[in-house]
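Engineer: I'll drop the sequence and a predicted model, then ask my questions.
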Amino acid sequence: MIRTRFAPSPTGPLHIGTIRTALFPFLFSQKNKGDFILRIEDTDKERSKKEWEEELLKGLDWLGIKWNEGPFRQSERNELYKKQLEKLIEDGHAYYCFCSKEEVEAQKEHLMALGEAPVYRGKCRDLPKETVNKYLKEGKPSVIRFRTPVNQVVSFDDIIRSKIDNNTDTMGDFVIAKDFDNFLFNFTCAVDDMLMEISHVIRGEDHIPNTPKQILIINALGGKEPKYAHLPLILGTDKKKMSKRTGKTSLNEYIAEGYLPEAVLNFIAFLGWNPGTPKEIYTMEELINDFSLEKIQKSAAIFNIDKLDWINGLYIRKMPLMELTEKCLPYLPQKPIEELSKIVALYHERLKKLSEITELTDYFFKDKLEYDKELLRWKDMSDEELKSSLEKTYDAIDNNEDIMELANKEDNRGNILWPLRVALTGKKNSAGPLDIINVLGKEKTLKRIKEAIELIK
RNA sequence: GGCCCCAUCGUCUAACGGUUAGGACACCAGAUUUUCAAUCUGGUAAUCAGGGUUCGAUUCCCUGUGGGGUCACCA
């Protein structure tokens, strides 16, 4: 039975990279008709916030990533961890450490200076039982460390990267709990993966150094270790871990800008994975169908917003007009949807992100347009020619004549169409003037042409 | 610094050890347009370096270089 999990910690906005570490195990579990478990890793009481958890859940829902077990919260599982920790201490796999933070810190710096691995070299590792009990009775501050075996190689077969070896001497005796109410990541994660019988741990590459530690814990507890697959990282354009400096990092920002869930999903899936065929526009269903861990890339991928924009535009163009209009509602003034859909239709093919609709169509909702007179001029028209062009257009529209016919009489249709378009929109770029007139209505059209003529004088 | 991971066009990537190293985005040019998009056609552009192994390396091995990750009483 395939059982995967997504184990985020609710300590900040939902990161775009985090989404992929949710998506891949999800796809893998669905492909194999397995379970997908959501586990909230909120053992850090200081940093974990309910609001971040809510954002997380909302984000997954927006993307269509569904779990069938959970959400489990580690903060609600203390009893389970307590039991396992007691077992470790009893079996001698963990011990109390009474060293002060300063002491440990100083030792690490010293080792660093020597060019050695800066790890804890258990001073308290072999404290006699009586001493431990005495210190505990005195209430001397302590933490609980894992007794890492000395000079042993821990290896695991990463599904994406093949065999990875680690010497235990590079890990030292790491802390697994502050006390019996406060457990630390490597411990809770290992215990839960074991207890929840996770078959495949699929997570970011940044966890590779944690994996041997967690394997050690699972082994000490007598559990069966899962298979591991470490995903390549998503980098910013500066080839560093994505940060705010090089672009938007949180999903909410992308939602706000008007990216569609289908597009984000499609794009994220193809960062570090591909089906091995030229097809690259995929629905969730198709992704599930074609997904395989073997096709995952080893190297990190740079987040390329241009491609996202292209995919998003593609999905917008494929979308029925009414659906698109509804999605655009937050970016437009409150008007009847029938009216708005006519406006949106003009930009259906030009839109890359929903938020762009605001600026693109603002001239429909203004009483008076503000623009530079020079914008009206087509090529090297004189003021006279420009004025005459607009006046001819005005009369034609007033008499319900065909504008295209009028424009065709010119040696260059731009003589008529360009000034008209600018008069109606006040913009350098826009949809076609004839289409705009249809939506704008005769009265407003004439008013705007008149205003343009006055601008020339 | 120690340990670990990685390396094909600018970017995402394809290529049983044998291909004119393919595709997509971006970019450039042309067609179409009044403009901008959209669309269609074409183009520029890559195997990090040096050694091996081999009849033949993008592909396998080693070294170097470069990039990244990680070394918390965070996750």
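Structural biologist: That came through fine. Numbers count the residues shown, from 1 in each chain, chains lettered A, B, ... in the order given.
Engineer: now residue A:36: which helix or strand?
Structural biologist: strand A:35-40 (DSSP states H and E).
Engineer: residues contacting the closest residue to residue A:87 other than its chain neighbours?
Structural biologist: Leaving aside its chain neighbours, residue A:87 sits nearest to residue A:221 (6.6 Å; criterion: Cβ to Cβ, 6 or more residues apart in numbering). No exception for glycine: its C-beta is placed from N, CA and C like everyone else's. By Cβ atoms under 8 Å, 6 or more residues apart in numbering, the residues touching residue A:221 are A:84, A:87, A:88, A:93, A:190, A:191, A:194.
Engineer: which other helices and strands contact the strand holding residue A:36?
Structural biologist: Packing partners of strand A:35-40 (3 or more Cβ pairs under 8 Å, 6 or more residues apart in numbering; DSSP states H and E): strand A:3-6, helix A:16-31, helix A:50-63, strand A:69-73.
Engineer: go with 6 Å
Structural biologist: Applying 3 or more Cβ pairs under 6 Å, 6 or more residues apart in numbering; DSSP states H and E, we find strand A:35-40 packed against strand A:3-6, strand A:69-73.
Engineer: partner strands of that strand and their direction?
Structural biologist: strand A:3-6 (parallel), strand A:69-73 (parallel) (DSSP bridges).
Engineer: how close does residue A:393 get to RNA strand B?
Structural biologist: From residue A:393 across to RNA strand B, the span is 12 Å (Cβ to the nearest atom of the strand, to the nearest Å).
Engineer: skipping its backbone neighbours, what lies nearest that residue in space?
Structural biologist: Once flanking residues are discounted, residue A:393 sits nearest to residue A:420: 5.2 Å by Cβ to Cβ, 6+ apart.
Engineer: same deal with residue A:12?
Structural biologist: Per Cβ to Cβ, 6+ apart, closest to residue A:12 is residue A:52, 6.1 Å.
Engineer: the one you found contacts residue A:10, correct?
Structural biologist: Yes: between residue A:52 and residue A:10 there is a contact at 3.7 Å, judged by Cβ atoms under 6 Å.
Engineer: need the residues of the stretch 51-200 of chain A near RNA strand B, please.
Structural biologist: Residues of the stretch 51-200 of chain A lying close to RNA strand B (Cβ under 7 Å from any atom of the strand) are A:99-101, A:104, A:108, A:112, A:115-120, A:141, A:143, A:161-162, A:164-167, A:170, A:174-175, A:178, A:182, A:184-186, A:189.
Engineer: buried only: go through those residues for me.
Structural biologist: Neighbour-count burial (16 or more other Cβ atoms under 10 Å) applied to those gives A:99, A:104, A:108, A:118-120, A:143, A:161, A:164, A:166, A:174-175, A:184-186, A:189.
Engineer: coming back round to it: pLDDT wise, what is the residue nearest to residue A:393 at?
Structural biologist: For residue A:420, the model assigns a pLDDT of 95.
Engineer: measure it to residue A:46 for me?
Structural biologist: To residue A:46, residue A:420 is 63 Å away according to Cβ to Cβ, to the nearest Å.
Engineer: identify the farthest-apart pair in the buried ones among the residues of the stretch 51-200 of chain A next to RNA strand B.
Structural biologist: A:99 and A:161 (35.3 Å; Cβ to Cβ).
Engineer: in the stretch 351-457 of chain A, which residue sits nearest RNA strand B?
Structural biologist: residue A:432 (2.9 Å; Cβ to the nearest atom of the strand).
Engineer: where does chain A have its least confident helix or strand?
Structural biologist: Ranked by mean pLDDT, DSSP states H and E, the weakest helix or strand in chain A is helix A:101-114, scoring a mean of 84.
Engineer: so how far is it off the chain centroid?
Structural biologist: 37 Å (Cα atoms, centre = their mean, to the nearest Å).
Engineer: contacting residues around that helix?
Structural biologist: Contact partners of helix A:101-114, identified using Cβ atoms under 6 Å, 6 or more residues apart in numbering, comprise residue A:118.
Engineer: hey, C-alpha coordinates of the helix or strand following that helix in CSV?
Structural biologist: Per DSSP H and E, the first helix or strand lying C-terminal to helix A:101-114 is helix A:129-138. This file holds the C-alpha atoms of helix A:129-138, laid out as CSV (Å, rounded to 0.1, in the frame of the first residue of the first chain):
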residue,chain,number,x,y,z
LYS,A,129,22.5,7.3,36.3
GLU,A,130,22.9,8.7,39.9
THR,A,131,24.2,11.9,38.6
VAL,A,132,21.4,12.3,36.1
ASN,A,133,18.8,11.6,38.7
LYS,A,134,20.5,14.0,41.1
TYR,A,135,20.5,16.8,38.5
LEU,A,136,16.9,16.1,37.6
LYS,A,137,15.9,16.3,41.2
GLU,A,138,17.7,19.6,41.6
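Engineer: since that was my last question, I'll sign off now.
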